[in-house]
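Participant: no sequence for this one, just the structure:
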């Protein structure tokens, strides 16, 4: 999956902490029958939330109509991919030699380090595909680390009014065993109809709340389905209210502000235009990234570089 930016939508003025509402932009994954994803990061108003730099939200997608997900082998640098499903199943293959499956409620985290490539294909048994694909930017001291892969099945944690599955970081007394290069939080939350849940959080973190289904009030700001609500560091508690008659489902992301300037282009994260050019050349010349074995088809070709120089940017602008 590659990057594109979305248009901002002004938030209603809340009473309390200011919530910035980031609306999604529809992005096709390629081809006339391809599935469409809703992208909220990177955004014109905000490029990162903690080290989270990419948020794609897709489905429920009728695989019989769209063909599902079929992302041919493609490269990554300087990041980690975080795959989380609500419905369906995705087959993952990478140049580390990992052959794994992404299933609902199970975390698959791949570290690119200096360079990796992988493919993502929904399985024949999948009829409905629904989930999120997330990226984490690696800090400078860790971005040339070795390729790696982690799998984790978090246990549900009961909340007073819902449930949490913590796949990265710590929340509601549960801590994921998966190591991260910067302080991070990632969790799936469900809220019962009209329930209000208060969660203790790290005040050093900025947070993003993605609404998968339902309508949820965060710090007195109403978020609709597919909205991503951003909250700056400071609060020690997040209060969430499901305003609907059905269960709401959310993805909560957080982390300390990522202060390094980065370049995101296609599937690469670097620190200079020259790094991006080199990564593209290495991919096109079949060096550095290794090979994906077992995928039936050709790998993706890199797009042409833009005519203007690529420049590093900060987390917001």
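Facilitator: In hand now; what should we look at? This structure is a prediction, so every number in the text was calculated from the model and none was measured.

Participant: Find the residue closest to residue 293 in space, skipping its chain neighbours.
Facilitator: Once flanking residues are discounted, residue 293 sits nearest to residue 93: 6.9 Å by C-beta to C-beta, 6 or more residues apart in numbering. For glycine as for every other residue, the C-beta is placed from the backbone atoms N, C-alpha and C.

Participant: and the one you found, what element?
Facilitator: Element membership for residue 93, per DSSP states H and E: strand 90-94.

Participant: tell me what that strand is packed against?
Facilitator: strand 99-102, strand 107-111, strand 116-122 (3 or more C-beta pairs under 8 Å, 6 or more residues apart in numbering; DSSP states H and E).

Participant: Give the other helices and strands that the lengthiest helix in the chain contacts.
Facilitator: Across the chain, the helix with the greatest residue count (assigned by DSSP state H) is helix 273-284. Helices and strands touching helix 273-284, by 3+ C-beta pairs under 8 Å, 6+ apart, are strand 263-265, strand 268-270.

Participant: deepest of the ones you listed, which one?
Facilitator: strand 268-270 (a mean of 24; mean count of other C-beta atoms under 10 Å).

Participant: Please point out which parts of the host helix or strand of residue 229 sit buried.
Facilitator: In this assignment (DSSP H and E), residue 229 forms part of strand 228-231. Within strand 228-231, the residues that qualify as buried are 228-231, counting by 16 or more other C-beta atoms under 10 Å.

Participant: what are the bridge partners for residue 174, then?
Facilitator: With DSSP bridges as the criterion, residue 174 is bridged to residue 171.

Participant: Quick check: residue 256 vs residue 81, distance?
Facilitator: 21 Å (C-beta to C-beta, to the nearest Å).

Participant: Looking at the two, which one has more neighbours?
Facilitator: residue 81 (23 against 15; other C-beta atoms under 10 Å).

Participant: ok, the nearest residue to the more buried one once chain neighbours are set aside to residue 295 distance?
Facilitator: The shortest distance from residue 81 to any non-neighbouring residue, by C-beta to C-beta, 6+ apart, is to residue 110 (4.7 Å). Between residue 110 and residue 295 the distance is 15 Å, computed by C-beta to C-beta.

Participant: So between those two, which is more surrounded?
Facilitator: Legend: neighbour count by other C-beta under 10 Å for residue 110 and residue 295, higher for residue 110 (23 against 19).

Participant: so what's the residue positioned nearest the centre of the chain closest to, chain neighbours aside?
Facilitator: For the chain, residue 134 is the residue whose C-alpha lies nearest the centre (C-alpha atoms, centre = their mean; 1.5 Å). Distances taken as C-beta to C-beta, 6+ apart put residue 82 closest to residue 134, at 4.0 Å, once the chain neighbours are dropped.

Participant: Poorly predicted segments of the stretch 151-300 of the chain, please.
Facilitator: The model of the stretch 151-300 of the chain has no residue with pLDDT under 70.

Participant: same thing but 90
Facilitator: 219-220 (pLDDT under 90).

Participant: Ok, the stretch 1-150 of the chain next?
Facilitator: For the stretch 1-150 of the chain, the ranges with pLDDT under 90 are 1-17, 27-36, 43-45, 65-68.

Participant: one more time with 70
Facilitator: Within the stretch 1-150 of the chain, the segments meeting pLDDT under 70 span 1-16, 30-34.

Participant: Helices of that one, start to end?
Facilitator: Counting by DSSP state H, counting those that start in this stretch, the stretch 1-150 of the chain has helices at residues 63-66.

Participant: Strands of that one, start to end?
Facilitator: For the stretch 1-150 of the chain, applying DSSP state E, counting those that start in this stretch gives strands covering 19-22, 25-28, 36-41, 52-62, 70-76, 79-87, 90-94, 99-102, 107-111, 116-122, 128-137, 148-152.

Participant: Run the angle between the third one and strand 128-137 for me.
Facilitator: Using axes from the mean of the first three to the mean of the last three C-alpha atoms, to 10 degrees, one finds that strand 36-41 and strand 128-137 are set 30 degrees apart in direction.

Participant: Also the fourth one?
Facilitator: Following the same axes, to 10 degrees, one obtains 170 degrees for the angle between strand 52-62 and strand 128-137.

Participant: other SSEs contacting strand 52-62?
Facilitator: Secondary-structure packing of strand 52-62 (3+ C-beta pairs under 8 Å, 6+ apart): strand 36-41, strand 79-87, strand 128-137, strand 206-213, strand 248-255.

Participant: List the contacts of the next helix-or-strand element following the fourth one.
Facilitator: Sequence order places strand 216-218 as the next helix or strand after strand 206-213, per DSSP H and E. Strand 216-218 is contacted from outside by 19, 191, 209, 222-223, 229, 231, 238-243, 248, 250, using C-beta atoms under 8 Å, 6 or more residues apart in numbering.
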